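**Q** model the structure of this input:
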Amino acid sequence: MNQRIVPAVLAASSLMAAEMMAAELPVKRVVLYKHGVGYFERSGDLASGESARLDFKASEMNDVLKSLTVAETGGGKVTGLRYDSSTPLDRRLGEYSFTVGAQVPLAQFLDQFKGARLEMETGGQKTAGSIVSGRAVAATEQQPQRDLVVILTDMNELKTLDLSSVTSLKLADGVLQRQLRDYLGALAGARTREQRSVYIDSSDAKGRKVAASYLIPTPIWKSSYRLIFRNSPQPLLEGWAIIDNTTNDDWTNISLSLVSGKPISFQSRLYDPKFITRPFADLPDEEAAAPILYAGAVASAPAPPPPAQMAAKAGSGGGGFGRPMAMAADAAEPMMERMSSVSVQTEGRELGELFEYAFGQPVTVRRNQSAMLPFLQQPLDARKLLIYSDRSSQNPRTAAELSNNTGKTLDGGPITVFDSNAYAGEALVETVKTGDKRLISYGIDLGTRVTTNIDSGNQRYLEFKATRGSLIAKTGVEETTTYTIKNIDNRAKTLIIEHPLRTGYKLLTQKPVETTGRMQRFSVALKAASSETFAVKEDFVHDEYMSVSSMSPDAILAISVNRAIPASGKQQLGRIAEQKRLITEADRAIRGAEQRIQTLATDQERLRQNISSLNSIAGQQDVVQRYARDLAAREQQIITLRDQAAEQRTKKSALESELNGMLEKLDF
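**A** Below is the predicted model of the structure:
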């Protein structure tokens, strides 16, 4: 017998075959959304006792665990779901009491199972006993390396067996068998790091049908359109859906639906195990802690009823999708007339705030391939016009106004425009609900030029309000934007001018035909080979806040004569201005007295120095006496000035108190 570990575990690895042979459920239905997930339905028939297996990428498991639902028909019950753990391999293998190393001798491997019962067969003779030890005997010149195992038989005999003569062996303990199988399963799963399997187990002993549905991350489906202007009154709108199958499964004859809208979706880390670090707490030896039982939830809120669904059949165009191109005899037929020969077989319906396009025929898309499928072909209400919104350019854009009268939601995407059997340009459109309108632009009209001139008037006061010392002035500035349009072509046109919608600006001229969140749209009819002017007059109205207490009397009087101030306001402001004038005069008197006192104090200091110098000189007594009289006179002046300054301070304080009362009562 080979002396390596693989033959020793053939019995355990064979137990994994049941899982490896679990039935796969084919994809039956796919619903693609616009927010990064796809809805999948799988179903299939299972034999008696057979489990179903679903394979996913590791990155998909969080969404699978969040959304997976399983149904079984035939009376059976789903007993549980099993899936590959995401615990790191080292951590998973570290939970076992044994290891399986690379190229480990069988005897060394069995030595880890001391005490376990081992069943062996040697030359047709069966031997069983408990493992005592296993060891490898190094090779010599006379004999090769040998693996020996020592067992204790049921007769209490110690036997040494050479594993090279053993034809089969088995660990009799079912627990060890399961552990060994799980160990090898973890090793096998580590070789396919990106694939994770979910197993669906059932209690039914007979054949049954199992269905599973789930959400996984998928590329969003993309839409593109062709807008074909023809000789008929209505152009033709043709919609194509671009889908990508990035899964590991082929979509063979599936039911495909495409949903337009933005439901809320998020990711939750459900697949990765969460480990919480808990503190150690030692209890006294004489005490024992009893377990605590927490009550579980016995009821949950009922699910809301499904929303009402509205169905609308999509129109189908003539011809067959995928038919051969026309023969050379049809070469004279314009290409634009042959482009619409696609068969659209979709049904549209509202799903609450979403809209679904369901394809009526099975769709096949191989894995890692993409497909382009027609989902719409209907006449559409549209009118050609020009749009001018970019003031940095003189030329407006060629455009069309689309009215969604299809009865379906038009998903956002690029539009290729064909006009007069020729390519006309490309545009982008946001999602358009049924009954709504959108403007698209797809080119530059070089036959029309637009210039813009802006003229602003003087600021004027419209209204005054006052409250508790604050003056609020509503001011206005009139602004006129003049658009001068020159139509060079010999045909009439309709120009839509997009004028910015600005906060605080009030429109004084005609109302716009449409208003968006940022623009006002005005329609101007242009005659052939002519020039037109169109003026948009606006009034910019805003509030100015002024603190009356910080204004000078002259500034208050200048404001009070404004015609927008009522008579009561003029009187109040006049009294406040007079009060502030009196306060200013008192303050001026105080500063004058303080400056005079400072001058006199300087003179006194000079006189004292002179007197001190002359006292030491004989014959200067008359001069000293005169200086002394001057010093006394200045002292008396200082006393008088201080009294005057104190009087003015008292007066100013009273005036300020009265002013504060006036400001507090100011109201008009």
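**Q** name the helix or strand for residue 161, please.
**A** Per DSSP states H and E, residue 161 falls inside strand 158-162.
**Q** what is that strand packed up against?
**A** strand 125-137, strand 146-153 (3 or more Cβ pairs under 8 Å, 6 or more residues apart in numbering; DSSP states H and E). (Glycine included, C-beta is placed from N, CA and C.)
**Q** the last one vs strand 158-162, what angle?
**A** Orientation note: strand 146-153 sits at an angle of 150 degrees relative to strand 158-162 (axes from the mean of the first three to the mean of the last three Cα atoms, to 10 degrees).
**Q** in terms of secondary structure, what does strand 146-153 contact?
**A** helix 106-110, strand 125-137, strand 158-162.
**Q** swap in the longest one?
**A** The helices and strands touching strand 125-137, judged by 3+ Cβ pairs under 8 Å, 6+ apart, are helix 106-110, strand 117-122, strand 146-153, strand 158-162.
**Q** nearest to residue 572, of the ones you listed?
**A** Closest to residue 572 of the helices and strands packed on strand 125-137 is helix 106-110 (Cβ to Cβ; 103.8 Å).
**Q** could you check how far that closest one is from the centre of its chain?
**A** 57 Å (Cα atoms, centre = their mean, to the nearest Å).
**Q** pull the number of nearby residues for residue 560.
**A** 17 (other Cβ atoms under 10 Å).
**Q** who are the neighbours in contact with the residue nearest to it when sequence neighbours are not counted?
**A** Among residues not flanking residue 560 along the chain, residue 573 sits closest, at 3.9 Å (Cβ to Cβ, 6 or more residues apart in numbering). Contact partners of residue 573, counting by Cβ atoms under 8 Å, 6 or more residues apart in numbering, are 466, 548, 556, 557, 559, 560, 565.
**Q** would you reformat the helices and strands packed on strand 125-137 as TSV and include distance to residue 406 and mean pLDDT?
**A** Shown next, in TSV, are the helices and strands packed on strand 125-137 (distance: least, Cβ to Cβ, whole Å; pLDDT from 0 to 100):
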stretch	distance to residue 406	mean pLDDT
helix 106-110	71	84
strand 117-122	75	87
strand 146-153	79	87
strand 158-162	83	86
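**Q** which stretch among these comes nearest residue 542?
**A** Closest among the helices and strands packed on strand 125-137, using Cβ to Cβ: helix 106-110, at 86.9 Å.
**Q** strand partners (parallel or antiparallel) of the strand holding residue 161?
**A** strand 146-153 (antiparallel) (DSSP bridges).
**Q** let me know the angle separating the strand it pairs with from strand 117-122.
**A** Using the same axes, to 10 degrees: strand 146-153 against strand 117-122 is 120 degrees.
**Q** re earlier: A helix includes the residue nearest to residue 560, no?
**A** Yes: membership of residue 573 in a helix is supported by DSSP: H, G, I helix; E, B strand; the rest coil.
**Q** follow-up on the earlier one: chain center to the strand holding residue 161, what's the gap?
**A** On Cα atoms, centre = their mean, the centre of strand 158-162 falls 69 Å from that of its chain.
**Q** what does stretch 488-495 give?
**A** 44 Å.
**Q** likewise stretch 588-607?
**A** Worked out by Cα atoms, centre = their mean, stretch 588-607 lies 74 Å from the chain centre.
**Q** and it, what's buried?
**A** Within stretch 588-607, the residues scored as buried using 16 or more other Cβ atoms under 10 Å are 589, 590, 593, 596, 597, 600, 604, 607.
**Q** got it, and stretch 212-221?
**A** 212, 213, 214, 215, 216, 218, 220, 221.
**Q** nearest spatial neighbour of residue 65, chain-adjacent residues omitted?
**A** residue 270 (4.3 Å).
**Q** quick one, what contacts the one you found?
**A** Taking Cβ under 8 Å, 6+ apart as the test, what residue 270 contacts is 61, 62, 65, 66.
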